[in-house]
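Undergrad: Quick one, what's the 3D model for this:
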Amino acid sequence: MTPSNPTPNPTPNPNETAPCPCGSSQTLGACCSRWHLGPQHLQAPTAEALMRSRYSAFVLDRRDYLLATWHPSTRPIQLEPPEPGLRWLGLEVRCCRPGANPNHATVEFVARSKLGGRAQRLHEVSRFLRESGQWYYLDGQH
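TA: Modelled structure (predicted):
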């Protein structure tokens, strides 16, 4: 996979009927996984849906999806694998705001994880941009 030619991750879904890691009340298959793989790949309809699907991609180690949904102007060349033993514990979406026009939005969230017995918390306000109908993560402030 290259950033200009992303392809869906061949890693099988853990369990499409399991609760979605993003914390919605839906199953993984009905929620974030549909944006990761299959006919709706990369088609998250809102900035919040993209942010939730990116959190789930971190949980499921779908780095290809993370890169494909990262705007080319700010996207890294590659993402390192997660630290061994990293466990994602939950996501709280605090607020979603439209931007100056319908193609911009911000999402404030808190993602919790645990590594080596230590709890970690990422509080970020992320900026999203929609181009040619596809939402992209642009950047975030912690």
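Undergrad: so what's the backbone phi/psi at the residue nearest the centre of the chain?
TA: The centroid of the chain falls nearest to Arg54 when counting by CA atoms, centre = their mean (0.5 Å). Phi and psi for Arg54, reported as degrees, to the nearest 10, are phi -70, psi -40.
Undergrad: contacting residues around it?
TA: Contact analysis of Arg54 by CB atoms under 8 Å, 6 or more residues apart in numbering lists Tyr65, Leu66, Thr69, Tyr137. No exception for glycine: its C-beta is placed from N, CA and C like everyone else's.
Undergrad: Of those residues, which is the most crowded?
TA: Tyr65 (26 neighbours; other CB atoms under 10 Å).
Undergrad: right, and the helix or strand after the helix or strand harbouring Ser113?
TA: In this structure, Ser113 sits in strand 104-115 according to DSSP states H and E. Per DSSP H and E, the first helix or strand lying C-terminal to strand 104-115 is strand 118-131.
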